[in-house]
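1. Next input, structure requested:
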Amino acid sequence: MKKRALLSLLLALALLAGCAPAAEVPASAPLPPATASPVPIPEPTPAPTPEPVDFREFLDGVNAARKAIITQEEPLDISPYTPDFHEQNQTFTEAEMERLTTEHGPEENLTKDGLLADADTFFLLLQTTYGAYYYFGGDDVFFPIRDAVREELAAMEDPTVQDLNDVLYRRLYPAINDGHFRIGDYAINEAHQQYMYYVPGVYLDSLDGVENPDYLKPTIGPDGRICWWYAAISRDGGDLPSALDGHTLAWRRAGRLSQNGKALAFDESEWEGVPILISRRMFPSWVNGSRDPGDLEALERLASCGEEYADSPLLIFDVRMNGGGDEKYIDSWFQGWSGGKGQMKRALIFRYSQLFCRLHDSSFFPPEHMGAYRPSSFSISSSSLEGAWAERSGPVFVLQDKGTGSAGEATVLRFHAAADTLTVGGLTCGAYLAGNNIDLYLPHSGLHCRIGTSLIANETNENRDGVGYLPDLWVEPSTALDAVKRLIDYYGLNSEG
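-> You can find the predicted model right below:
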């Protein structure tokens with residue numbers, strides 16, 4: 001506002017100085033003395049600068065909102081989407097299951113009839129094995145899609161495996177929003193993906209008088225203070241306003257952390273006494289046909305060191321570009337760090353199908369449950385987990401981006417159950433509705449599909465796949481670590497710095 005007022009004043013002075021045509025002066029009008037002093041123009045009173053956002057007040061607001069979700073008494077109920085299906089227990093023969101679970105290419109002289117048979121098999125796999133089958137509508141939704149796929153393939157003169165892949169994707173994606181589901185070349189929910197967009201360089205210290213506060217999100221300013229900037233969720237940015245509050249809005253899609261070389265399984269470092277923990281994946285890589293012993297060691301360290309950081313007055317936990325793996329590592333870390341007090345609010349149940357029981361360890365997944373949705377026997381998974389709030393003090397900053405999915409998102413969700421935690425960066429991936437994914441191969445074409453065999457609800461029954469979980473402080477994800485350091489310095493949070 002001060003700049004606009006000053007600009008108006010300068011323009012007024014320019015006009016007075018003769019930049020506009022002068023009016024004709026009557027002859028009788030006396031001329032002012034040449035030595036007269038100009039009339040002083042009073043300086044405008046500057047608008048008061050708003051006080052910076054109080055860090056503790058902001059943190060308390062996040063705590064209150066999150067605790068209300070975690071401790072709500074009403075349990076998550078996914079029972080409408082988990083009926084028994086015992087009549088399907090003898091659907092496939094042993095030979096068929098062996099073919100379906102073994103990677104192979106298309107058979108020689110693949111025919112249209114073979115592709116049509118594979119289309120039928122694909123929908124039979126969904127009906128008997130897919131954990132979210134009933135969540136997305138069951139037979140009423142998928143049988144008409146199957147018929148449309150068959151009709152389209154039958155109309156082709158000489159369809160190929162790629163045609164089967166393309167038709168299945170095109171017909172299925174409107175019905176399924178599942179961040180893990182893949183068929184051939186396609187991630188099924190790519191069409192449902194939403195992204196963070198923001199306007200760089202424009203920061204507001206107050207929301208007073210703004211045209212639409214929905215387009216303003218809390219962020220970390222260049223000096224480290226909490227303020228607001230223009231940020232929103234969009235598919236491609238085309239639906240976002242071009243101007244608000246007198247600002248031209250040049251929207252930019254948020255990036256994600258770039259990685260060079262092998263992704264870290266786990267790493268520990270510090271900055272000015274503040275611990276920085278990094279987890280880019282929760283599974284070991286494979287080297288010469290076996291699991292990398294260095295990765296295994298790092299993941300075991302992650303699982304065992306939570307208690308060592310329980311009393312840290314500040315902590316940064318970076319799960320940007322963590323696309324998932326086994327949750328047992330972060331579950332163990334979190335229980336150690338929170339003293340067993342924090343618990344994400346979640347409902348998780350497994351579909352004990354023929355193929356599920358064939359592919360999973362019977363000590364964890366008893367085969368006598370076949371034909372029903374049931375919990376497993378290992379500790380972090382049950383049909384319903386009541387959330388438990390971990391009261392603690394000392395800010396924790398969790399860094400996230402669009403590459404944070406699956407077990408990476410599970411890390412973010414666990415921290416949602418702990419006080420004094422702020423998530424920083426962009427949206428997460430949105431890949432957590434269906435888990436325990438298995439790889440299957442259609443018998444004639446060899447077309448690969450990857451489907452989840454469990455159904456999960458987190459915090460609410462809303463499906464977050466494609467959108468992901470929102471940050472508390474919206475910043476360009478690739479710069480999130482530097483932004484947190486600026487915030488720590490600005491508010492003087494680090495007594496050791």
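
2. From residue 410, how far out is the residue lying closest to residue 406 once chain neighbours are set aside?
-> On the basis of CB to CB, 6 or more residues apart in numbering, the spatially nearest residue to residue 406 that is not a chain neighbour turns out to be residue 324, at 2.8 Å. For every residue, glycine as well, the C-beta is placed using N, CA and C. Distance of residue 324 to residue 410, computed by CB to CB, to the nearest Å: 8 Å.

3. neighbour count winner among the two?
-> Using other CB atoms under 10 Å, the more surrounded residue of residue 324 and residue 410 is residue 410, with 27 against 23.

4. How about the contacts made by the more buried one?
-> Contact partners of residue 410, counting by CB atoms under 8 Å, 6 or more residues apart in numbering, are 327, 330, 331, 344, 432.

5. which stretch of helix or strand covers it?
-> helix 407-415 (DSSP states H and E).

6. Using PDB, write down the CA coordinates of that helix.
-> Taking C-alpha atoms only, helix 407-415 is exported to PDB below (Å, rounded to 0.1, in the frame of the first residue of the first chain):
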ATOM      1  CA  ALA A 407       4.700 -45.900   4.000                       C
ATOM      2  CA  GLY A 408       6.000 -42.400   3.500                       C
ATOM      3  CA  GLU A 409       2.500 -41.100   4.100                       C
ATOM      4  CA  ALA A 410       2.200 -43.500   7.000                       C
ATOM      5  CA  THR A 411       5.100 -41.600   8.600                       C
ATOM      6  CA  VAL A 412       3.300 -38.300   8.100                       C
ATOM      7  CA  LEU A 413       0.100 -39.700   9.600                       C
ATOM      8  CA  ARG A 414       1.900 -41.000  12.600                       C
ATOM      9  CA  PHE A 415       3.300 -37.600  13.400                       C
END
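
7. Next, count neighbours for the nearest residue to residue 270 once chain neighbours are set aside.
-> Of all residues not flanking residue 270 in the chain, residue 276 sits nearest, at 6.0 Å (CB to CB, 6+ apart). Neighbouring residues of residue 276 were enumerated by other CB under 10 Å; the total is 19.

8. ok, now residue 93?
-> A total of 10 residues lie near residue 93 under the criterion other CB under 10 Å.

9. Please apply the same query to residue 325.
-> Neighbours around residue 325, by other CB under 10 Å: 20.

10. go on, residue 57?
-> Number of residues near residue 57 (other CB under 10 Å) recorded here: 9.

11. Wait, a helix at it?
-> Yes - using DSSP: H, G, I helix; E, B strand; the rest coil, the assignment for residue 57 is a helix.

12. Assign the residue lying closest to residue 220 once chain neighbours are set aside to helix, strand or coil.
-> Spatially, and ignoring its direct neighbours in sequence, residue 220 is nearest to residue 483 (4.2 Å; CB to CB, 6+ apart). Residue 483 falls in the helix class when you classify it by three-state DSSP.

13. Could I get the pLDDT score of residue 483?
-> Residue 483 is assigned a predicted lDDT (pLDDT) of 98.

14. and it, how far is that from residue 257?
-> Remark: distance between residue 483 and residue 257 (CB to CB) = 13 Å.

15. quick check: mean pLDDT across the helix or strand containing residue 96?
-> Per DSSP H and E, residue 96 falls inside helix 94-100. For helix 94-100, mean pLDDT is 98.

16. Any idea how far the helix or strand harbouring residue 171 is from the middle of the chain?
-> Of the helices and strands defined by DSSP H and E, residue 171 is found in helix 161-172. Relative to its chain's centre, helix 161-172 lies at 27 Å (CA atoms, centre = their mean, to the nearest Å).

17. now it: mean pLDDT?
-> Regarding helix 161-172, the rounded mean pLDDT is 98.

18. Past the helix holding residue 96, which element shows up next along the chain?
-> Using DSSP H and E, the first helix or strand after helix 94-100 is helix 112-129.

19. Could you give me the buried positions within that following helix?
-> Within helix 112-129, the residues that qualify as buried by neighbour count (16 or more other CB atoms under 10 Å) are 114-116, 118-119, 121-123, 125-129.

20. hmm, who's touching the very next helix or strand once past that helix?
-> Using DSSP H and E, the helix or strand that follows helix 112-129 in sequence is helix 139-154. Applying CB under 8 Å, 6+ apart, the contact partners of helix 139-154 are 112, 115-116, 119-120, 123, 126-127, 133, 136, 159, 163-164, 167-168, 171-172, 175.

21. again, but for stretch 182-196
-> 122, 161-162, 164-165, 168-169, 172-174, 176-179, 181, 231-235, 253-254, 402, 426-427, 430, 447-450, 465-468, 474, 477.

22. run the last query once more with 7 Å
-> With contact meaning CB atoms under 7 Å, 6 or more residues apart in numbering, stretch 182-196 is reached by 165, 168-169, 172-173, 176-179, 181, 231, 233-235, 253-254, 402, 426-427, 447-450, 465-467, 474.

23. can you check stretch 215-228 too?
-> Contact with stretch 215-228 is made by 52-53, 55, 58, 203-205, 207, 210, 229-232, 241, 244, 473-475, 483, 486-487, 489-490, as judged by CB under 7 Å, 6+ apart.

24. and what of stretch 324-340?
-> 281-283, 299, 302-303, 305-307, 309-310, 342, 380, 390, 405-408, 410-411, 414, 418.

25. Can you report how many residues neighbour residue 265?
-> 26.

26. what pLDDT, on average, does the helix holding residue 410 get?
-> 96.

27. following that helix, which helix or strand shows up next?
-> The first helix or strand that comes after helix 407-415 along the chain, using DSSP H and E, is strand 421-425.

28. Pull up the pairing partners for that next one, direction included.
-> According to DSSP bridges, strand 421-425 forms sheet pairs with strand 396-400 (parallel), strand 473-474 (parallel).

29. So what does residue 368 look like in phi/psi?
-> Phi and psi for residue 368, reported as degrees, to the nearest 10, are phi -70, psi -10.

30. Check residue 451 too.
-> Backbone torsions for residue 451, taken as degrees, to the nearest 10, come to phi -130, psi 150.

31. For it, which non-adjacent residue is closest in space?
-> If the residues on either side of it in the chain are set aside, residue 451 comes closest to residue 130, at 4.9 Å by CB to CB, 6+ apart.

32. how close does the one you found get to residue 181?
-> Distance of residue 130 to residue 181, computed by CB to CB: 8 Å.

33. Pull out the buried positions in the helix holding residue 171.
-> By neighbour count with 16+ other CB under 10 Å, helix 161-172 contains the buried residues 161, 163, 164, 165, 166, 167, 168, 169, 171, 172.

34. Is it possible to get a markdown table of these that adds distance to residue 222?
-> Converted to a markdown table, the buried residues of helix 161-172 look like this (distance: CB to CB, whole Å):
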| residue | distance to residue 222 |
| --- | --- |
| 161 | 53 |
| 163 | 53 |
| 164 | 52 |
| 165 | 47 |
| 166 | 47 |
| 167 | 50 |
| 168 | 48 |
| 169 | 43 |
| 171 | 48 |
| 172 | 45 |
